[in-house]
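> Pasting a predicted model and its sequence here:
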Amino acid sequence: MMHMLKNQEQVLSKIATNDGHGENSAFFDGWKAYDSDPYHPTKNPNGVIQMGLAENQLSFDLVQKWVRNNPKASICTTEGANDFKDIAIFQDYHGLPEFRNAVAKFMEKVRGNRVRFDPARIVMSGGATGAQEALAFCLADPGDALLVPAPYYPGNDRDLTWRTGIQLLPVVCESSNDFKITREALETAYQKAQESNIRVKGLLLNNPSNPLGTVLDKETLTESLNFTNDKKIHLICDEIYSATVFSQPDFISIAEIVQENKNCDLDLVHIVYSLSKDLGFPGFRVGIIYSYNDSVVNCARKMSSFGLVSTQTQHLIASMLSDDVFVDRFISESSVRLGARHRDLSRGLAQVGIGSLKSNAGLFCWMDLRRMLKEPSFEAELELWRVIIYEVKLNVSPGGSFHCSEPGWFRVCFANMDDETTRVALNRIHKFVIQNKGVEANNGKKQCRRSKLEVSLSFRRLDEIMMTPHRMSPHSPMSSPLVRART
Ligand SMILES: Cc1ncc(COP(=O)(O)O)c(C=O)c1O
């Protein structure tokens, strides 16, 4: 095996043999554990529950109903087959005009119609993954860097750096101020790069944030824009979770800030978007680059040949997103359902004393298990994580894989499963906490049996949670092959 690997390094490229994809990281152990033993309510009730997947599956019934009621939108139906040939032979990398119009309108709607998007600036890509990479190719050269507030989405490492040769430098954000991005933290990261002779070409923000589930306020967005303008570097805003906001404060797009700050350099501002989270269509690979810079639009459009959205998908999406009644209903209902699920999960955790960062968006909670670590280290975080995967049988994601600067935080996804599975997951957490507490009491020591976890939790309302009637949903838990893109 070793011999084979060495051989491959000799005959293949550096990209093919380096570890830029990141699949060999500890992060994937949880996915492997899930894949080898996936939970199923009847066939495998003791299997691993997948809580490591940021997928939005809560409103699929609405989409399915729309698809049934609009057979003309699908070119493989009796009603739509007349369009088959025209759609199948279209291969212009500008995309179908109706697709660009519909996406621009949808993006405006999600932003409360407070901003306008020019369809001529919409560039297609294979998901936000492709959008990030194409932008990186347009904005930076190998060795250059982008600053990224941490904790951040682990896929950024693959998407922005693997094939482009650029690097990401974390802007350290801390729990003491709820991981707020401050000018000071930005300056520190910039300064550090300069001291190492690394050319910083931009700042990448993710708003709302994966993994925090929080939105950036106006002050932070304006400060970030001022910072990038002052340094004459790019500002990229990944707004892939823009329609997942389920409570106040509202989402504010960088497009609104730009509109208000007439003096900012528009050539330096770019938005990344996709339909993977807001509509829950990661399989359609609909990604968008929206750049205010004409040259970037032109170059990215040429590059988009490497990752176009199939015209069949464009055609369907154009019809779907042009249906105002459907879109309005979907956006509001999806946010209600996400809010309800978020409340169920965060309350369920709080009832056994587990806190999570106050959040109002996204498909996950940022769970605080710092008190359960044996010691404040990333080794201890991984140790606790292994217990949660292999014993509690929940695949949650450790903060270290998001480049979090403090050990003990875990991302828990909640929108890729039905109500019943959520209830089972919460029951497992409660049992785990009780067991540890019981052992602790029996031993008279502040230690738990298997993992020596320090716990100090309250169980007052545990029965209440166990007895809570739950909504049944028609969804079944989805399987997740390891080859899935990291979400
Ligand atoms: C912040 C963020 N950006 C980009 C992506 C990639 O999304 P896509 O499926 O559109 O490639 C993800 C997926 O999880 C994400 O969370």
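That came in fine, so what should we check first?
> Pull up the gap between the residue in the stretch 51-200 of the chain that the ligand sits nearest to and W366, please.
Using Cβ to the nearest ligand atom, G127 is the residue of the stretch 51-200 of the chain that sits closest to the ligand, at 2.6 Å. The way it works is simple: take the backbone N, C-alpha and C, and place the C-beta from them, glycine included. The gap separating G127 from W366 is 23 Å, by Cβ to Cβ, to the nearest Å.
> what's the answer for L235, then?
In terms of Cβ to Cβ, L235 sits 24 Å off from W366.
> between those two, which one's more packed in?
W366 (27 against 24; other Cβ atoms under 10 Å).
> quick one on the thing from earlier: where does the nearest residue to the residue of the stretch 51-200 of the chain closest to the ligand once chain neighbours are set aside land in three-state SS?
Nearest residue to G127, sequence neighbours excluded (Cβ to Cβ, 6 or more residues apart in numbering): G287, at 4.2 Å. Under DSSP: H, G, I helix; E, B strand; the rest coil, G287 falls in the strand class.
> residues in contact with G287?
Counting by Cβ atoms under 8 Å, 6 or more residues apart in numbering, G287 touches 124-131, 272-274, 276, 307, 309.
> now L394
L394 neighbours (Cβ under 8 Å, 6+ apart): 48-49, 51, 388, 412, 425, 428-429.
> Strands along the stretch 101-250 of the chain, start to end?
Listed in chain order, the strands of the stretch 101-250 of the chain (DSSP state E, counting those that start in this stretch) span 122-126, 145-150, 167-172, 200-206, 234-238.
> would you list those strands in CSV and tack on mean pLDDT and distance to V63?
Listed next are the strands of the stretch 101-250 of the chain as CSV, based on pLDDT from 0 to 100; distance: least, Cβ to Cβ, whole Å:
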stretch, mean pLDDT, distance to V63
strand 122-126, 96, 21
strand 145-150, 98, 32
strand 167-172, 98, 34
strand 200-206, 98, 25
strand 234-238, 98, 23
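> per the record, what domains does the protein have?
Domains of the chain are assigned by automatic domain parsing as 2-60+332-467, 62-326.
> Which secondary structure element is home to V296?
helix 294-303 (DSSP states H and E).
> before we move on, the earlier item: by neighbours, which of the contacts of L394 wins?
Most surrounded of the contacts of L394: other Cβ under 10 Å gives M51, at 27 neighbours.
> Check M472 and give its pLDDT.
pLDDT for M472: 32.
> just N7 next, same as before
For N7, the model assigns a pLDDT of 72.
> Could you report the neighbour count for it?
A count of neighbours around N7, defined by other Cβ under 10 Å, yields 10.
> sec struct for it, please.
helix.
> ok so, going back, what subset of the contacts of G287 is buried?
124-131, 272-274, 276, 307, 309 (16 or more other Cβ atoms under 10 Å).
> quick revisit: can you pull the contacts of the residue of the stretch 51-200 of the chain closest to the ligand?
274, 276, 282, 285-287, 485.
> Could you pick out the one among these with the lowest pLDDT?
Among the contacts of G127, A485 has the weakest pLDDT, 53.
> Any buried residues in stretch 289-301, and which?
Across stretch 289-301, burial judged by 16+ other Cβ under 10 Å covers 289-293, 296-297, 299-301.
> make that stretch 370-382, sorry
For stretch 370-382, a neighbour-count test (16+ other Cβ under 10 Å) marks 370, 372-374, 378, 380-382 as buried.
> likewise stretch 94-103?
By neighbour count on 16+ other Cβ under 10 Å, the buried set for stretch 94-103 is 95-96, 98-103.
> Quick check: closest non-adjacent residue to the spatially most central residue of the chain.
Central residue of the chain (Cα atoms, centre = their mean): N210, 4.6 Å from the mean position. Excluding its sequence neighbours, the residue lying closest to N210 (Cβ to Cβ, 6+ apart) is Y153, at 4.5 Å.
> Can you name the residues of the stretch 101-250 of the chain that neighbour the ligand?
Applying Cβ under 6 Å from any ligand atom, one finds that the stretch 101-250 of the chain approaches the ligand through 127-129, 153, 155, 206, 210, 238, 240.
> What about those, which are in helices?
Counting by DSSP state H, those place 127-129, 155 in helices.
> quick one, helices of the stretch 151-300 of the chain?
Along the stretch 151-300 of the chain, counting by DSSP state H, counting those that start in this stretch, helices occupy 155-156, 183-195, 218-231, 254-260, 294-303.
> Deepest in the core, which of these is it.
helix 155-156 (a mean of 21; mean count of other Cβ atoms under 10 Å).
> confidence score at the residue of the stretch 51-200 of the chain closest to the ligand?
G127 is assigned 97 on the pLDDT scale.
> now swap in S479 and tell me
For S479, pLDDT reads 36.
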